[in-house]
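> predicted model and sequence follow; I will ask about them next.
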Amino acid sequence: MIVREKYLEQIRPLINKPFIKVLTGIRRCGKSIILKQLIDLFRTSGIHESRIIYYNFESLEHIEIDGYLKLYTEIKSKIIDNDRYYILLDEIQEVKEWEKAVNSLLADSNVDMYITGSNSKLLSSELATYISGRYVDFQISTLSFEEYILFKETRTAQKITNIYSEFEIYIRFGGFPAIHLADYDSDTIYKIVNDIYSSVILRDTIQRYNIRNFDILERLVKFVFENVGNRFSAKNIADYFKSQQRKIDLNTIYNYLKALEGAFIIQRVARYDIRGKEVLQTNEKYFVSDVSLIYAVLGYRDRFISGILENIVMLELKRRGYAVYVGKVEEKEVDFIAEKKNEKIYVQVTYKMVETQTIEREFGAFKAINDNYPKYVVSMDEFWNDNVEGIKHIHIANFLLMENY
C-alpha cells in the first residue's frame, strides 16, 4: 500500500484534537486507503486494536446499520471504558441521519473521529447544522502527477527519468489510484474509469438528488465535459439544448450543475476582476475532478488538450491549498489566480508556444497586472525562455513537480 504522505501530513496535527476529521472527494479517489493508513499509524503508535473502530458502509457486512440509532448503538457497544477510542466511518452518507449519531458520540464519549463521504452535501447541510465549528474538511483528490510518478516507480521498481513522456501518459489516463496499481492496457483503464463514473452518476447524483430525467443530465454532462476550460453560463447551456430541440429551464440547469458539483464530478471556478477586486457571478469555468472522466464519456480527442492541461493545473493548485479563480483584467483573461494566505500566483496555460499570436496572448495577459506576485506561463514546450520580463515560462510537468511556487 503506497502511503499518500501529503494528506497524512495535513491530518497528523489534528489527531487527538477535538475536531471531526472529514475526508471528502469523488468515489475511488483514495479516501478509504487514507483511513486505512491512519489505522496503521494508530497501531504503530501503540494504540490497542480494541480502541480502533472502523466501518465501511459500502460493504454489505454493515448493511443492517442503515440509520443513526443503529449506528450509535453499534459503536457505543464497543466503547467499554473511558479511554480514548478512534472511530473511522467510511462513506458515512450511506447511513440515514448519521450526523445525529456522530454528534451524540462526540458529546458523551471520549472519541477521536474520522469520516469520509462522496458528496459535498455532507458539509453543506448535515454537518453544518449539527456540529458547526467542530470539524475540519480535507478534500481528497485523485493522484497528482507527483503521486502518479511515485506509484509507477514503486510498482515497477524503476526510477523514472523522462518526466515529459510520463506526463503524456498521465494526460491520457488521469489519476484514479486503482488504474495505477497494475500495468493495465488503455481499454481496461477506460472501462475502470467508466465504471467509476457510472457509480458516481447513479449513487451520488441521480439517487441522492432525486433526478428523474437522466437523458437531460447525461447531455448536460457531455456539454460540460466538451467545454472544459471554456467560460459559459446557464443560458449558454439552455441555448445548446434549444439547438437540440429540447427545452430546459434555467433552474433545472442550475440544480443539475449543483448535483454534479455535489458528487465531485465537476468543480466550478468563479471569475475574478483583478482591477475591480471582486468575484464575478457570470461565465464561470467548470472542470472535472479527474481528466480521465472526459475520455471515459467522450473518448480521447486531441482537440481537448488545452482544456485538459488547464484542468490538471487547476487541480494541482487546489491540492496545494490555493483558492482558485479565473482572472479578468480589462478585456483579457488570466487562466488562474491562486491565493493562499498572503501568497498569490498567476498562471497562464497553453499547449504549445509555436505561433507569435499565442506567445503575445499568453504573455500579454500579464502586462496589465502591476504587482510583484509570481507569474507563470506553462506549456508542453520542451524548449522555452526561463524568464521573459519577469514572467516564468516552464514546462507543465516541471511546474507540477515544483516544491514551491
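Noted; the coordinates are in hand. Numbering: from 1, shown residues only.
> for the stretch 101-250 of the chain, give me the ranges with low pLDDT.
Residues of the stretch 101-250 of the chain meeting the criterion pLDDT under 70: 123-132.
> again, only this time at 90
103, 107, 119-135, 203, 208-209, 212, 244-245, 247 (pLDDT under 90).
> all strands for it, in order.
111-117, 135-139 (DSSP state E, counting those that start in this stretch).
> centre of the chain to the helix or strand just after the first one, how far?
Of the helices and strands lying after strand 111-117 in sequence (DSSP states H and E), the nearest is helix 121. Going by C-alpha atoms, centre = their mean, to the nearest Å, the spacing between the C-alpha centre of helix 121 and its chain's C-alpha centre is 15 Å.
> who touches helix 121?
With contact meaning C-beta atoms under 8 Å, 6 or more residues apart in numbering, helix 121 is reached by 93, 208, 262. To be clear about C-beta, it is placed using only N, CA and C from the backbone, and glycine gets the same treatment.
> please repeat the previous calculation with a cut-off of 10 Å.
Helix 121 is contacted from outside by 24, 93, 127, 204, 208-209, 258-259, 262-263, using C-beta atoms under 10 Å, 6 or more residues apart in numbering.
> with stretch 377-385 instead?
Contacts with stretch 377-385, where a contact means C-beta under 10 Å, 6+ apart, come from 164, 167-168, 171, 305, 309-310, 312-313, 335-336, 346-354, 358-359, 362-363, 365-366, 388, 391-400.
> same thing with stretch 164-172?
Residues from elsewhere that reach stretch 164-172, judged by C-beta under 10 Å, 6+ apart: 143-145, 148-149, 152-153, 160, 162-163, 180, 186, 189-190, 291-292, 295, 300, 304-305, 308-309, 311-312, 380, 382, 395-398, 400-401.
> inside helices: which ones of the contacts of stretch 377-385?
The helices, defined by DSSP state H, take in 164, 167-168, 171, 305, 309-310, 312-313, 358-359, 362-363, 396-400 from those.
> can you select the buried ones from these in PyMOL?
Selecting only the buried entries of the ones in helices among the contacts of stretch 377-385 in PyMOL, with 16 or more other C-beta atoms under 10 Å as the criterion:
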select buried, resi 167+171+309+310+312+313+359+362+363+396+397+399+400
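> so which residues of the stretch 201-350 of the chain form helices?
Here the stretch 201-350 of the chain has its helices, by DSSP state H, counting those that start in this stretch, at 214-226, 234-243, 250-262, 292-298, 305-319.
> picking up where we left off before, among the strands of the stretch 101-250 of the chain, which is the most enclosed?
Greatest average neighbour count among the strands of the stretch 101-250 of the chain goes to strand 111-117 (a mean of 24), per mean count of other C-beta atoms under 10 Å.
> neighbouring strands of it in the sheet, and parallel or not?
Using DSSP bridges, strand 111-117 pairs in its sheet with strand 20-24 (parallel), strand 85-90 (parallel).
> surely residue 221 and residue 228 touch.
No - if you go by C-beta atoms under 10 Å, residue 221 and residue 228 don't touch, sitting 11.3 Å apart.
> what's the neighbour count on residue 285?
Number of residues near residue 285 (other C-beta atoms under 10 Å) recorded here: 25.
> model confidence for residue 384, exactly?
Note for residue 384: predicted pLDDT of 67.
> so which of the strands of the stretch 101-250 of the chain is nearest residue 280?
Residue 280 lies closest, by C-beta to C-beta, to one member of these: strand 135-139, at 23.6 Å.
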